[in-house]
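In: 3D, please:
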Amino acid sequence: MNLEISLESRLESLGTQLRARPRQTERVLEEIRASGMISVIERTPLRSRRPSRLFMTVATGVACLCVAGLIVVLMAPSSAVGWADVAATWQAQPWVRGQVVFPGDNEGEMWISPHRQIWAFNLNGTLYFYDGEQRTKYEYHRSDRQITKLPLGSDDVQKALPLGALSDNKPTIGPWLFGTEKIVAQERREVVDAGRTWIDFRLTLWRGARNHAVLRVDPQTRLPVYLTAASSEESKNAYKWEFSYPTEGPTDIYALGAPRDLPVVDCMPATDAQQVLDRMAATRSRIGDFRLIIGRPAGLVIGGANDDCLPTTIVSRKGSRWRVEQREITSQVEPATARPADGDWAKWLSEEAQRHSFVPQIICDGTAVWENSERRAGHVGQWQRSGTTGPQDLLSGEDRLGNLPSAPDVKIASLVYPDLTPKRGWQFAFDAAPADAPGYVLIKRSARLAMAEPMVGHEWYYIDPAKGCAVVRIELFNLPPRAAVHPTAADTRNTIRFEGFASSPQGFWYPTVVSTESISPKPQGVQEYRKTVRYAFDFAPTLPDDLFVVGSHP
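Out: Prediction:
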C-alpha cells in the first residue's frame, strides 16, 4: 500500500509552474470498470491549498490496504471456508468498523456499509464521508471551517461500491476499492494462536513501503478480525487495523464528528455539466483491445511546425494486460524522414515501424507492472517491478497515476477524456455555448498556485459533444489573481490541439494528431515551441499471450 503517494496527490495535485500537461482525473460510471488509454503532454500540474499531508497519505494508504485485503478474503478459495461464505457474511453486516493507531499516535477510524454504499474515514478530526447511492462526498478539513460537498470521482465510486458487484473470478485484478492499489501476491495459511485456529492471508501490494500485510479471518464467524501492514525490511513502523461489526454507523458527516454549525459549500456541477462529464467517461471506457503506433519528432521545434516524425513507441493492450515498446537505442544515425506522399500517416507509421527494432520497456502481466531499464541493442533486459505504475494506470483517466515518464505521449485517453469533476480547492465553471467555439462546450478550472508571487493557474477544456465529448483543445495559462482571465492575456501559456478524429468500432473517438504549442517570455523576446505527435490505432490486432510475459524478473 502506498503511504508515500497520498490521496492529496491523487485528488488535488496542483503544480508550482505551468508547462504542458493538463490536469486530469478519472470519473467512473456504472459501465466503466475498465479505463481508457492515455497520453502525457509534459507540464507541471497546479497546486491548490493542501489539507494535512499526514491525513491524506494515511487515508489513502491504510484504507486501500485494509479493504483490498478484505476483498481478497472474499475471493480466496478455501477447503474449510470458501470466499462465497465470507462474502455472504461480510455483505450481511450492516456496518464494518476499523480502528487503528498509526506511528506518532495518530488515531484512525474507518466505516464501511456494503448495503448503504457508504465509506467514511476520520483521522484526528479530518473527515471524509462518501455516499455511493447519492454519488456525493463530504469533506471536512479543520483549517477550512466549512464542509465541502463534491461529486464522487472514479476512485470515490469504487470506495462506495457494494461488494455484491464484485467478480469472483479475478481475485488479484480488482476492483481497486481504495485508490489504485493492487494485490500482486497472496498466500493463505491456517495458524494456531492462543489455542485457536485462524486463517491468515499474507498479501503483497504493488506499491509503497508498507505493502506487506497479514489479514486474519475467524473461520467460525467468517469475518476479518484484524489487518497488519509493514514493510518487508522492518516492522517498527507497522500498524494494525482491528475490525468490529456494530449494528449502527454514521449516516452523514456530522455523525463522524463534524460541527453542525458549519456552512456546507456545494460544489456539485449542474445537470448539463454532469452529463458532459459522464459522456466523457463513457467514451473513454469503450477503447477495447488495440495496438497503437506513436510517431514523435526528435525534439521540440522552435517556431514553425514540425510534421516530420519517426515511430518511437508501440503500445499493445489485451484485456487487463498491456505492453509498451520503445525504439531500440543504437549507435546508428537515424535517417531523415519525409512526409508520406499520400498523406496517410497511419500507413506510413506502420510501414516505418517494421524498419526499426523495438524493445519492450513496460509490461503489465495483468497483476503487476514491470519496467525494463535496458534499451540498448544486444543487451539483456533489466526488469523490476514498478513502484510508481499500477496495472490500471495505462487505462485510467487520471494522468497522475503512473504517468509513465519514460514513455511520453502514451496515455492518450486521459488527455482526450480527462475527469474534470470538481475538486476541493478548485474553481469550476461550465459554458454550454462558448462564443469563440460554436458547437462545443467549455469547462474552466482554476486554482491558486504555490508560487512566490500570487498567481492563479487556469485550465480551459473545449469539448465536442458530437465526438463522444472528446476534448478538442486545451488552454493552460497563469495569471495574477485579479487579472482579466483569457489565454491571450498570459505571457506563458500552452495550447494543445486534437485533430484528425476517427471512431473505433466500439465507439471510442480518438485524434490522430495532437499538437502542442508553448509560448514563454525569453530575454530575447517571446519564444514559441511546437510539437506534433501522431497516433495510428489498430482496434483488431493479433496479440499473442506471450507478448505480455516478462522475459526476466529480478
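In: could I get the pLDDT score of residue 435?
Out: pLDDT for residue 435: 95.
In: does it lie in a helix or a strand, and which?
Out: Under DSSP states H and E, no helix or strand contains residue 435.
In: can you pull the phi/psi pair for it?
Out: phi -70, psi -30 (degrees, to the nearest 10).
In: and if you look at residue 293?
Out: Residue torsions, per degrees, to the nearest 10, at residue 293 are phi -110, psi 130.
In: contact partners for it?
Out: 311, 313-314, 346, 349-350, 353, 535-536 (Cβ atoms under 8 Å, 6 or more residues apart in numbering). No exception for glycine: its C-beta is placed from N, CA and C like everyone else's.
In: repeat the analysis, applying 10 Å as the threshold.
Out: By Cβ atoms under 10 Å, 6 or more residues apart in numbering, the contact list for residue 293 reads 311-315, 325, 345-346, 348-350, 352-353, 358, 534-538.
In: can you tell me how far it is from residue 189?
Out: 47 Å (Cβ to Cβ, to the nearest Å).
In: same question for residue 388.
Out: Taken as Cβ to Cβ, the span from residue 388 to residue 189 is 30 Å.
In: which one of the two has more residues nearby?
Out: residue 388 (17 against 10; other Cβ atoms under 10 Å).
In: that one against residue 369, yeah?
Out: Yes - contact criterion Cβ atoms under 10 Å: residue 388 and residue 369 qualify, at 8.8 Å.
In: regarding residue 398, what is its secondary structure?
Out: Recorded secondary structure, residue 398: coil (DSSP: H, G, I helix; E, B strand; the rest coil).
In: pretty sure it sits against residue 417.
Out: No - assessed by Cβ under 10 Å, residue 398 is found out of contact with residue 417, at 11.0 Å.
In: the more surrounded of these two?
Out: residue 417 (34 against 27).
In: nearest spatial neighbour of the more buried one, skipping sequence neighbours?
Out: Distances taken as Cβ to Cβ, 6 or more residues apart in numbering place residue 284 nearest to residue 417, at 3.8 Å, with adjacent residues excluded.
In: just the local confidence number for that neighbour, please.
Out: 88.
In: now swap in residue 35 and tell me
Out: 32.
In: for the one 5 residues further on, same thing?
Out: Per-residue pLDDT puts residue 40 at 28.
In: cool, and residue 172?
Out: 29.
In: now residue 548
Out: So residue 548 comes in at 94 (pLDDT).
In: please apply the same query to the one 4 residues further on.
Out: Residue 552 is assigned 50 on the pLDDT scale.
In: returning to that earlier point: now the buried members of the contacts of residue 293.
Out: 311-315, 325, 345-346, 348-349, 352-353, 358, 534-538 (16 or more other Cβ atoms under 10 Å).
In: so which of the residues you listed belong to strands?
Out: If you go by DSSP state E, the buried ones among the contacts of residue 293 have 311-315, 325, 358, 534-538 in strands.
In: tell me the one of those nearest residue 462?
Out: residue 535 (19.2 Å; Cβ to Cβ).
In: what number of neighbouring residues does the nearest residue to residue 491 once chain neighbours are set aside come out with?
Out: Distance criterion Cβ to Cβ, 6+ apart; nearest residue to residue 491, sequence neighbours excluded, is residue 521 at 5.0 Å. Residue 521: 10 surrounding residues under other Cβ under 10 Å.
In: about what we covered before: for the residue nearest to residue 417, give its distance to residue 357.
Out: For residue 284 relative to residue 357 (Cβ to Cβ), the value is 32 Å.
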